[in-house]
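Asks: Here you go, sequence then predicted model.
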Amino acid sequence: MRSQRTALIIPARLSQAVRIEIIDTTPAARQSLIDGNVEAFTCRDWHVYLNDEADFIPLPQNVRAEVLIREAGLHFEEKVSGTAVFLGHGDTGDETDAPAHLLRLAEHLFGTAWAA
C-alpha cells in the first residue's frame, strides 16, 4: 500500500497559503500536519482530517476549510479549527490523492492557481 499521496492542505491562518503537497499518510505524519490527534470526516470520494482537540487547545478557526467542506457537499455545522488536510479515498477505503473536483473547487473558491 502506497503511503504517499497528494493532499490539499488548508492552514487556519489566512496569512498561510492553501497548498497541494505530497504527504506521508502514516498516522504519525497526519498528526504532525494537524498538530494533534486526528479526526476524519467523509463525503463521497474524499475526507478531511482535522485536529479532534482543536476546541480545547484552542486552535484558530479555519474559515476557508469550513467553506470548502460545505461547498463540496458535506453537511457540517461545527466550527472547523486548525489545519485541514483533504485526501481522497477509494472504494475499499484506502487513501487516494485528493480528487481533482475538490482541487478545482478550492482553486475557484480561494483564487489559487495550482502549478501545472
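Replies: Sure, I can see it.
Asks: need the longest helix for the chain.
Replies: Identified as the longest helix of the chain according to DSSP state H is helix 100-110.
Asks: Can you give the distance from it to the centre of its chain?
Replies: Distance, stretch centre to chain centre, for helix 100-110: 12 Å (C-alpha atoms, centre = their mean, to the nearest Å).
Asks: Identify each buried residue in it, please.
Replies: 102-103, 105-106 (16 or more other C-beta atoms under 10 Å). C-beta: built from backbone N, CA, C; applies to glycine.
Asks: got the CA positions of that helix in PDB?
Replies: In PDB, the C-alpha atoms belonging to helix 100-110 read as follows (Å, rounded to 0.1, in the frame of the first residue of the first chain):
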ATOM      1  CA  ALA A 100      -9.500  16.700  -9.000                       C
ATOM      2  CA  HIS A 101     -13.000  18.100  -8.500                       C
ATOM      3  CA  LEU A 102     -12.100  19.100  -4.900                       C
ATOM      4  CA  LEU A 103      -8.900  20.800  -6.100                       C
ATOM      5  CA  ARG A 104     -10.800  22.700  -8.800                       C
ATOM      6  CA  LEU A 105     -13.400  23.900  -6.200                       C
ATOM      7  CA  ALA A 106     -10.600  25.100  -3.900                       C
ATOM      8  CA  GLU A 107      -9.000  26.800  -6.800                       C
ATOM      9  CA  HIS A 108     -12.200  28.600  -7.600                       C
ATOM     10  CA  LEU A 109     -13.100  29.500  -4.000                       C
ATOM     11  CA  PHE A 110      -9.700  30.800  -3.000                       C
END
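Asks: what packs against that helix?
Replies: For helix 100-110, the helices and strands in contact under the criterion 3 or more C-beta pairs under 8 Å, 6 or more residues apart in numbering; DSSP states H and E are strand 4-10, helix 63-71, strand 84-89.
Asks: how about these in TSV, adding distance to A29 and mean neighbour count?
Replies: TSV is the format used below for those (distance: least, C-beta to C-beta, whole Å; neighbours: other C-beta atoms under 10 Å):
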stretch	distance to A29	mean neighbour count
strand 4-10	9	20
helix 63-71	19	18
strand 84-89	10	22
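Asks: Good, wrapping up.
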